[in-house]
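Enquirer: Return a 3D structure for these sequence lines:
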Amino acid sequence: MTTSTHENSRISVRWVGPLWLTGVLSAAVVSCPVTHTGAAEGRDMAVRTPSRPEPPARVVARVDIVPEDSGVDASLAADLARRARLVDLDPEPLAPFFDALLEMRSSGKGVVRVLHYGDSHTAADILTAAMRRSLQQRFGDGGRGFVLLGRPWRSYLPKDVATSAHGHWRSERILIAADPATLDGRYGLGGVSTNGYEQGASASVRTMPAPGPGNRVSRFEVFFMEQPNGGSFQALVDGKRRAVVSTGRPRIGSGFFRMDVPEGEHEMEVRLRGDGPVRLFGAVLENDGPGVVYDAAGVNGAFFYTPLRWDADLLAEQVKERDPKLLVTLYGANEADSRTITRESYADDVRRVIARLRAGAPAAACLMLGPMDRSTTSLRGGTLSAERLNWIIEVQADVADEIGCAFLNTRALMGGPGSITRWAAQSPAWAQPDGVHLTSRGYTELGNALGKEILDAFDRYVAGLDDPEPENGNEAEPR
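Expert: Numbering: from 1, shown residues only. So this is what the prediction gives:
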């Protein structure tokens, strides 16, 4: 690893060397050249795609967060709150995360990061935005965190940040069936790479206006791939060039480029110089805290095993760079539509994925969120076995217990089997007609409930620290 610092502009660059179709077991890269024009701030950019357009964007990813006072169905909201009292989230496996929060709260400085992986439920960043805001309301807003650069798919509209892209970019990610041996797996922290070579092509991120979340930043960081014959890019802040960064190195590895800025509202732009290929993995926006940073790394169509198709060294390097104190997973919707996975293979996949993530963050706590309820109608046609989703939940719970992760039964929180039908029947609806995805309202309510579960577990953990230990093996007095 090499490190260089630009003292005058407080810039540091570090390089680290090598170290829709649901229900399919294999995966393939979707390489989709896209010409971007314009910005995204809760709406679509104009996007021109060539011969292989992606499936139409789902409306849920283009709808912003629903305010708490938006008049949601009172009985269903009350039901969700009641069930939250019945779902048992064990605080003990979350101790490293809770200890980090306590330390930050005591010192009044720093940030605590959460890294959340999942499928389209996560990629929409509506459920995760609600969870992010729940934690930030209690512990402070540490910044938006990691986001992909450019527009890897039409419905990519991360919350609490504004993104834009211009020029020719090509995104790559794992999506459909093919021989995994044909994939290079170099998709980085978020499972997606944005590739470009055209001079002047640019991608940018900026803070949101105050007083809402994500309104201040004190450091930007670009995640990119170092590679032989790699090109270079200019890094600009608020329209002014700060540095030129070369991605060329003798071997494949992760590169990290950081710029410190006066804390406030800013925009950071990456602009290609056209002197070779550049592969970007994403950018980070953080402030000095104290606060929580909640990264949402969701990929449409992902399975629990999808991270096993990513380059392990690049992933570990970049997870380590983020230094999360909590790893969260939310998978299972697509597995329910699979006709090839078995209990045994699925359990092995779950173990291997958590081990791969822990390779970059061995001290982090782990929380598995079980899959949401879904209909038994396959998106491919036909009927699904209701039993499959049952054992997917069971396997995740069993593996979580085996490897020391916390587990929360999301379907039980929703109301158990068949709850997706009730959610869709609400007016306004909490679930979409496809029987799989929620509406913006539904994602927001469920995200609020999940955030509350984590906060309630934190409170129980703190209360346990305050309780005196029993002496001489005697039982503590009942409270």
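Enquirer: got the buried residues for stretch 387-402?
Expert: Residues of stretch 387-402 classed as buried by neighbour count (16 or more other CB atoms under 10 Å): 388-389, 391-393, 395-397, 399-400. C-beta: built from backbone N, CA, C; applies to glycine.
Enquirer: now swap in stretch 453-463 and tell me
Expert: Here stretch 453-463 shows 453-454, 457-458, 461 as buried, counting by 16+ other CB under 10 Å.
Enquirer: What is the distance between stretch 352-372 and the centre of its chain?
Expert: Offset of stretch 352-372 from its chain centre (CA atoms, centre = their mean, to the nearest Å): 13 Å.
Enquirer: re the thing from before, closest one to Ala201 out of the buried residues of stretch 453-463, please.
Expert: In terms of CB to CB, no member of those lies closer to Ala201 than Ile454, at 39.5 Å.
Enquirer: My read is that the closest one contacts Phe139, right?
Expert: No. With contacts counted by CB atoms under 8 Å, Ile454 stays clear of Phe139, the gap being 10.9 Å.
Enquirer: State the pair within the buried residues of stretch 453-463 that is farthest apart.
Expert: Glu453 and Tyr461 (12.6 Å).
Enquirer: now, which of the buried residues of stretch 453-463 sits nearest Pro158?
Expert: Pro158 lies nearest to Ile454 out of these, by CB to CB, at 20.7 Å.
Enquirer: That closest one falls within a helix, correct?
Expert: Yes. Assessed by DSSP: H, G, I helix; E, B strand; the rest coil, Ile454 belongs to a helix.
Enquirer: Quickly note the distance from it to Asp125.
Expert: Distance, Ile454 to Asp125, by CB to CB, to the nearest Å: 17 Å.
Enquirer: How about Gly276?
Expert: From Gly276 across to Asp125, the span is 32 Å (CB to CB).
Enquirer: Between these two, point out the one with more neighbours.
Expert: Asp125 (25 against 16; other CB atoms under 10 Å).
Enquirer: which SS class is that one?
Expert: Under three-state DSSP, Asp125 comes out as coil.
Enquirer: doesn't Leu157 make contact with it?
Expert: Yes. Between Asp125 and Leu157 there is a contact at 7.3 Å, judged by CB under 8 Å.
Enquirer: Point out where this structure drops to low pLDDT.
Expert: When residues are selected by pLDDT under 70, those of the chain lie in 1-87, 176-181, 378-385, 468-479.
Enquirer: And the helices in it?
Expert: 74-84, 95-107, 120-123, 127-139, 312-322, 343-358, 386-403, 410-414, 419-425, 440-466 (DSSP state H).
Enquirer: Ok, which of the ones you listed comes nearest Leu369?
Expert: Nearest of those (CB to CB): helix 410-414, 5.1 Å.
Enquirer: ok, the residue nearest the centre of the chain - contacts?
Expert: Closest residue to the average C-alpha location of the chain: Ala296 at 1.8 Å, with CA atoms, centre = their mean. Ala296 sits next to 116, 118, 122-123, 125, 128-129, 132, 145, 158 when contact means CB atoms under 8 Å, 6 or more residues apart in numbering.
Enquirer: now Gly145
Expert: If you count contacts by CB under 8 Å, 6+ apart, Gly145 has them with 113, 284-286, 293-296.
Enquirer: among these, which two are most distant?
Expert: Going by CB to CB, the pair spanning the contacts of Gly145 furthest: Glu286 and Ala296, at 14.7 Å.
Enquirer: quick one, what contacts Pro371?
Expert: So Pro371 contacts 330-333, 335-336, 389, 392-393, 396, 410-411 (CB under 8 Å, 6+ apart).
Enquirer: Please repeat the previous calculation with a cut-off of 6 Å.
Expert: 332-333 (CB atoms under 6 Å, 6 or more residues apart in numbering).
Enquirer: hmm, back to that, which one of the helices of the chain lies nearest to Arg374?
Expert: Arg374 lies closest to helix 419-425 among those, at 5.6 Å (CB to CB).
Enquirer: what's the burial count for Gly264?
Expert: Applying other CB under 10 Å, we find 13 other residues in the vicinity of Gly264.
Enquirer: Could you count how many residues lie near the closest residue to it other than its chain neighbours?
Expert: Leaving aside its chain neighbours, Gly264 sits nearest to Arg216 (5.6 Å; criterion: CB to CB, 6 or more residues apart in numbering). Other residues lying near Arg216 total 23 when counted by other CB under 10 Å.
Enquirer: just checking, Arg216 touches Asn287?
Expert: Yes. Applying CB atoms under 6 Å as the test, Arg216 and Asn287 come out as touching, 5.0 Å apart.
Enquirer: Kindly point out which residues are neighbours of both of those two.
Expert: Glu263.
Enquirer: Tell me how many other residues surround the nearest residue to Val112 once chain neighbours are set aside.
Expert: For Val112, ignoring the flanking residues on the chain, the nearest one in space by CB to CB, 6+ apart is Ala100 at 4.7 Å. A total of 22 residues lie near Ala100 under the criterion other CB under 10 Å.
Enquirer: begin at 775 from here
Expert: Shifting the count to begin at 775 puts that one at Ala874.
Enquirer: For Glu1037, see how far away Ala874 is.
Expert: In terms of CB to CB, Ala874 sits 22 Å off from Glu1037.
Enquirer: Over to Gly941?
Expert: Counting by CB to CB, the gap from Gly941 to Glu1037 is 30 Å.
Enquirer: And these two? Which one has more around it.
Expert: Gly941 (19 against 13).
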